[in-house]
Each structure stands twice: as structure tokens, then as C-alpha cells.
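# structure for this input, please:
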Amino acid sequence: MSSEISQLSIKALLSGRDEYVIPMYQRNYAWEEGEITQLIQDVIDYLPKDCDKARNYYIGTLVVYERPDTQTPVFETIDGQQRLTTLSLLTSFLKNTKVVDLAWYSTLSIHFDSREHSRATFAAIFEGKFNDDPAEVLIEKQINTGILNGYRLIQKVLPQKLKEKGVSPQRFADYLFRYVQIMRVKVPADTDLNHYFEIMNNRGEQLEKHEVLKARMMELLQGCEQSQNCLHAVWEACANMERYVQMGFTPDQRGSIFGEEDWGGVELAGFDALRAALHRTQKVATKEGSALTLDQIIAKAPIGAEPKELSDDAPERFNTVINFPNFLLHVLRVDTQADLPLDDKRLLDTFEIHVLKQPDPVAAVKRFTFSLLRCKHLFDQYVIKREFIKGSDGWSLKRFKWNDGGERSQVGRGSYVNTFGEEDGNEGNNRRILMLLSAFHVSTPTLVYKHWLNAALHHLFHAEQVDAQVYLQHMESVAKAFVFDRFLSPEAGLDYFAIIYDNKGVCQTRRESIVSEKLESRLTFGDIENNLVFNFLDYLLWLEHGVSEPVKSYEFTFRSSVEHYFPQHPLDGQAQLDADTLNSFGNLCLISHSKNSRLSNFMPSAKKEFYQNNIIDSVKQHLMMKTEPWDASTIRTHYEQMKDVLLNSLASKHKTEYP
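Down below sits the predicted model:
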């Protein structure tokens, strides 16, 4: 018996006609800012300019099992519960704003088997009987921190994204509930669910867009086997974003491409030179006189590549900040310097315009192939990664270096060292660049629209030689431009492309032009557009206070909750502050959602007692905890101090001593 598939609008899905139960065997709700932002961004991206030309956007599948012997349809959710939960939270938020009429959303469709804290948290959110935060009407044992955090993230992200794109809540809701579609797949009644899970966990992957793109490019190079093989070799070497690009080639190829001395740079002038170098080494790697076969050209590894088990670069050692399809778009934008979208949903359409349908598409493919190799090499050396080694992990900024003392055909002669090290007097710059890039990254958790990464690649790609100090100063300037020219601008902020390409990353805002009252209004809870405002400030504070612990060893992490250090709703009826003081930047800091959920209503003294026994989430918070008592006066003083730190970054260069 085949599965029953229904195409449902989000309104039909959540209208209360059917019930969806999250069974006990499903994990808890776990979507974070990256996934939630991505879902909201995807819907906004598909909004038509002309309402009459709206088209459906298919948001994915929901696999369910219909429980027998129920009066109304009750579906046990097998796959897709994270998406279902997020859509339910999003709809509840829109209902609670009262800006959108959602009279049809009168019954909650999502339920939880034997999870009272999940049920209670969702019921509080759905009923909306709170002023600002669902935690106001919940006691601690009723809180599911994952669901509460999801709602708080939607509270923050949706208004930001709508404002950024100039979209009204009503227009967003009209499209979301009518044109966003989900495919509900109902498995047969006699399905062995255990067997079904096994099939799902081992199902094959569909052909991805970047693989289709590679095939289109290979097709354009038909008639030149060497060119096809060159494209293939570069593509496969670059496609694994968690492996340094040198490891995608044989030892002999590394010397030809990246230099015999230390494999430290792309030594070739262009595609033709690269093709010739690869052809020479591939002829050596194959039997004398034998030609490359089509199977060899399309194989998953370059000819002569080292066996995976011999590689000294275990794939789990590094974790990348971007995936390959989105990286391809960054390379294309950097190379063409065209204002093209950094969103892999539009990968094929974008390459169609800028490469495949160019007047000389063969030349465009060759140019892009060489640019891809260069950008991946630059990315590996000069952009942070998460490194997992010896049971621990942390941010790293390292390059792959050839070590003398062995034949180049042997494996295991390479090592990873700090990109800027002691030998060139740049050890401090290495740490400082690492901190700045990680501040950017944790502020932009989605894989799309990583404009900081594009700014870094643009600088590196077009620099004659990468200099640590110049690179650092450029990225600090980009950070200031993002913060002051865009996020804190009293008028419409500058476009990212204008900041990076038109203004070359140079911040346009001058300290003397900033009006204190307007800046203060932009630094108020609910009006802070991006977490980079907090993270850039923490970077500046780390520079200023990082000579001693615990600030010296501070590391940026993914924190999505803006905490009121003096709580919005104090426990036990303690005195409240006025709204302006409460929501002032002086009373705010960025922390993890789990800590915010647990301690949000505690007074500063209780929070301090808890936080002092933990790794600090925020340098700003660390400084706040050193001030007692925490009242309206100290909040104002702290605001003025933090404002001056931000503004001083515009007025002068930072000191050159590094933590």
C-alpha cells in the first residue's frame, strides 16, 4: 500500500481541523537562531512584488502516522516536527501581536505526549496572556527552554527581517498562510515504524543543485578532456569545505599548484596554467601512454589522490562556517563584483546569468574555476574554523604548511600552524583576527547572507599580498561600517553591497556626526537590529580588558538572548524600574537562551552568584557584575561607558598590545 500525500497550505495545516502529536520518541524542540531565521528569510524571499503574481513556496514535508480509533484525525509526527513546531510558534506570535487577524487560529493543533512542560509552555504562548515574554505566566518547572527560546527568537527575528525588507506583517501573513505549502505524507496504517525509521535514516541523498551546476559547466567544456578534468579536480578539491584544499590533490600536484616550498600560495597565473600542471602530474599518476577515461573524469576523487585513511587531515578535525553551495556564490560575487544574491536557493539562476549565459561561457567557466581554487585556498588560510582536537574544540585560524624532512610522495608531512605566527611577529594579530571573525560569525548564524565573509574574501582576493595588520584593520573597519552605517543608523542603513564594494569597507559614520539622543533610541531593547552590536562591543572590551582572566581567554559563542540584567518582571513583587531605564543598553547583555530562561526574573545579585561560577557569556555582562548596587544610576553610568567604547572605535585606532 502506498503512502497518502496531501498538499496543505499552512492555514489548512494549523487550522485545528487535525491534531498533530509529538510522540515521546521524538527529541525535544532544538531549532536555534540559524534555522528559525532561515525559515523566515525563505518565506520573505519568495514574496512576490506583485501580489497578483504570487506563486506557491514548498517548505518541505511532514511525515505522519494516523492513529486509529480517534474521533478526529490525530497524526503522530514521524518526521518534520521541528518545522511544524516553528510554524506553530510563528503563527502564535503573529496572533499575539494583534496586528494580523488570525481568528481562524483558535485551536492549537500541536500536542505533546507525556511532556507536561512542553504542553504548558506552548499553551502559555498560544494563549498570549503576557505583556512581553511567556515566562511571565509560567513557573520554572513548567518551562521547556527550547520552545520558549524559539518563541523569543521569533519575537526578535521576524520584526527585524520584515523591517529590513520593507514588508508589512499583514503581507507576510497573507503569503505565509495562503501560498506556503507543506507536503503531508501519511504512511500506511500497517507500516512498521521501526523499519520506517531505519529506511529514513539510511535514505540516499538527492542530486544537489551544485552537482547540477558542475554537470552544466562540464558540458560546456566538452571537446577538451583536459579542461574537463581540470574543472573536476578543482571542484572536488574545494567541495569538502571542512578539508584544506591542498589535501584534495596528490603531493606532486600540491607542489605544482601551491609552490614547492611550503604549499602556501596559488603559484599559477590562470586556468590554462593550472590545466597544464594537472595534466603533467596526472600523466605521471596513470600508466604511461594511457588516457583518462570518462569514469576517471567524473569519479569522486582526483586521479592519484591519497586514500582517505592515509590522509593526515581527518574530516572531523575542522568544522566550516559556510557550506559549499553558498561558498560558490561568494566566489562568484567576489570575482565578478556584481550585486548577486548570496542565497543558494537561487544558485542555478544566478550562475545562469553570470556564467552559463555569458557571451563566452567557456571562458567564464574557466575563469570561475580558477577563482574557486584561489578563494578556497584563501578561505582555508584566513577565515576561522571550528577545530576539534584532543577532546576539545575552539575557534582556530590556521594554515596548512609543508614540513621538510621526507619525500613529497609520502603522506603526513603537512601540519597546521597559526596563519600569522611568531616568526613574522604577528602572533597577536592572529588572535585578534580570530576574535573579530568569530564575533562576526556568531552574529550571523545562517548559511546565507554571510556578508562579513564576503567582505573578508573580497579583500583577500583582490589584495596583492595578504598582510596581517592590513587585513585586521580592514575587517575592523567593516565591523564599524556594519554597526554604525547600517544597524545604528538613524536613517535607512546602508546596503551591505554598498559597504563592501562601493565604500571598500570604509566606515562612513564620523563620531562628531552622531546625535546622542538618536543613538540612544537605536540602542534600546527591541530596536537593536543585529547581535553584532553586542558582539563588536565585546570585541572592543576584550581588547581593553583582556590582559587578565577571565576576559583574556574569552571566546565568542552562539548567544541569542538579550537579557535584562535588572529583570523585567522581578520575583516576589520587588520594585520595578521605569521602562526607559529597564530597556536601556546599559541594562542589556547577550547571553545563551538556557541561562536566560532559567534566570530571567532573578535579581542581579542572584544572577551574579550563578554566573560567577560559570564561563562568562559576555565581557559586557562581566563588567556589569562588577558594579554594585545595580540600580538606575549605575545603569545610566554603564550605558555612558559602553557608548563611549563604541564611539571611540570611530575616533582612533586601537592599541597594538594584544591579550
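# what about the strands in the chain?
Using DSSP state E, the strands assigned to the chain run over residues 4-9, 19-22, 57-66, 74-79, 110-112, 180-186, 318-319, 385-389, 392-396, 398-402, 414-418, 561-564, 588-591.
# which one of the ones you listed lies nearest to residue 600?
Shortest separation from residue 600 across the strands of the chain is recorded for strand 561-564, at 6.9 Å, computed as CB to CB. Bear in mind the C-beta positions are built from the backbone N, C-alpha and C, glycine included.
# quick one: contacts of the closest one?
149, 152, 156, 525, 528, 534, 582-583, 587-593, 595-597, 600, 621 (CB atoms under 8 Å, 6 or more residues apart in numbering).
# now do the domain split for the chain, please.
The chain resolves into domains spanning 4-201, 209-323+379-419, 466-651 when parsed by automatic domain parsing.
# pLDDT on stretch 115-130, on average?
Confidence over stretch 115-130 (mean pLDDT, whole number) is 90.
# now swap in stretch 433-450 and tell me
Here stretch 433-450 scores 92 as its mean pLDDT.
# what do you get for stretch 563-572?
What stretch 563-572 shows for mean pLDDT is 83.
# which one of the domains of the chain lies nearest to residue 358?
Go through the domains of the chain one by one with CB to CB and the one that ends up closest to residue 358 is domain 209-323+379-419, at 10.2 Å.
# find the nearest non-adjacent residue to residue 387, please.
Using CB to CB, 6 or more residues apart in numbering and skipping the chain neighbours, the partner closest in space to residue 387 is residue 396 (3.9 Å).
# also residue 511?
Leaving aside its chain neighbours, residue 511 sits nearest to residue 650 (4.4 Å; criterion: CB to CB, 6+ apart).
# next, the contact list for the one you found, please.
480, 484, 507, 509, 510, 511.
# near the fifth one, how many residues? Count them for me, please.
As a burial measure, residue 510 scores 10 neighbours (other CB atoms under 10 Å).
# let the chain start at 33 from now.
With 33 as the first residue, the last one maps to residue 542.
# which one (most neighbours) among the contacts of residue 682?
For those, the largest neighbour count, defined by other CB under 10 Å, is 27 neighbours, found at residue 516.
# quick one: contacts for the residue nearest to that one when sequence neighbours are not counted?
Distances taken as CB to CB, 6+ apart put residue 541 closest to residue 516, at 3.8 Å, once the chain neighbours are dropped. Neighbouring residues of residue 541 by CB under 8 Å, 6+ apart: 512, 513, 516, 517, 521, 682.
# same deal with residue 117?
Listed by CB under 8 Å, 6+ apart, the contact set of residue 117 reads 54, 61, 63, 142, 179, 182.
# report the separation between the last one and residue 69.
If I follow you right, that is residue 182. Here the distance between residue 182 and residue 69 works out to 12 Å (CB to CB, to the nearest Å).
# which one of these two has more residues nearby?
Neighbour totals were compared for residue 182 and residue 69, and residue 182 leads with 28 against 24 (other CB under 10 Å).
# run a quick neighbour tally on the spatially closest residue to that one that is not a sequence neighbour.
Distances taken as CB to CB, 6+ apart place residue 121 nearest to residue 182, at 5.1 Å, with adjacent residues excluded. Under the neighbour criterion other CB under 10 Å, residue 121 is assigned a count of 25.
# got it, and residue 57?
When neighbours are counted by other CB under 10 Å, residue 57 registers 11.
# what about it, distance to residue 450?
Plainly put, residue 57 is 45 Å away from residue 450 if you go by CB to CB.
# check residue 255 too.
Look at residue 255 and residue 450: by CB to CB, they are 45 Å apart.
# can you map out the helices along the stretch 283-432 of the chain?
Ranges of helices within the stretch 283-432 of the chain are 283-290, 303-317, 326-330, 356-368, 379-383, 393-414, based on DSSP state H, counting those that start in this stretch.
# in the fifth one, what's buried?
The neighbour-count criterion (16 or more other CB atoms under 10 Å) identifies 379, 382, 383 as the buried residues of helix 379-383.
# show me where the chain dips below the pLDDT cut-off.
Screening the chain residue by residue with the criterion pLDDT under 70, one finds the ranges 33-35, 82-84, 223-239, 293-294, 314-348, 435-446, 454-459, 604-605, 625-631, 684-691.
# neighbour-wise, which of residue 255 and residue 450 wins?
Here residue 255 and residue 450 are set side by side on neighbour count (other CB under 10 Å), and the busier one is residue 450, at 18 against 8.
# that one and residue 429 touch, don't they?
Yes: with contact taken as CB atoms under 8 Å, residue 450 and residue 429 are classed as touching, separated by 6.6 Å.
# give me the common contacts of those two.
Common contacts of residue 450 and residue 429 (CB under 8 Å, 6+ apart): residue 462.
# so what's residue 518 closest to, chain neighbours aside?
Sequence neighbours aside, residue 525 is the residue nearest to residue 518 in space, at 3.5 Å (criterion: CB to CB, 6+ apart).
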